[in-house]
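Participant: got a predicted model here, sequence first, then my questions.
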Amino acid sequence: MLFILCSILLAANLVLSHIVANLEQALQTEENVRHELTETQISLRATRDQIYSPDHILMLASQKLSLQIPEREQVKVYQ
């Protein structure tokens, strides 16, 4: 009787340790994915900030649309 009980407990221990090992692996995988996504988010935010910078917008406006900031003497204000 004791042998059967020990065998059952050993089998249960093996099953539970296998489940815990799988959970640890799944958690590590999720942590790696979260880390990669965080790095991607940081990179995308830096790119967005660079694209929306005033210098970049002025450069694109001058290259693509041939727009320039007028000189002071080119601007006339009428009241």
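Facilitator: Yes, it's here.
Participant: in this structure, where's the longest helix?
Facilitator: Counting by DSSP state H, the longest helix found in the chain is helix 2-51.
Participant: what number of residues are in the vicinity of Ala61?
Facilitator: Per other Cβ atoms under 10 Å, the neighbour tally for Ala61 reads 13. For every residue, glycine as well, the C-beta is placed using N, CA and C.
Participant: would you list the phi and psi of Leu65?
Facilitator: Main-chain torsions, Leu65, degrees, to the nearest 10: phi -110, psi 0.
Participant: swap that for Gln68, please
Facilitator: When read as degrees, to the nearest 10, the backbone of Gln68 gives phi -130, psi 150.
Participant: that one: what's it in contact with?
Facilitator: Ser62 (Cβ atoms under 8 Å, 6 or more residues apart in numbering).
Participant: how close does it get to Ala61?
Facilitator: Distance of Gln68 to Ala61, computed by Cβ to Cβ, to the nearest Å: 8 Å.
Participant: how about Gln25?
Facilitator: Relative to Ala61, Gln25 is positioned 52 Å away (Cβ to Cβ).
Participant: check Leu14 too.
Facilitator: In terms of Cβ to Cβ, Leu14 sits 68 Å off from Ala61.
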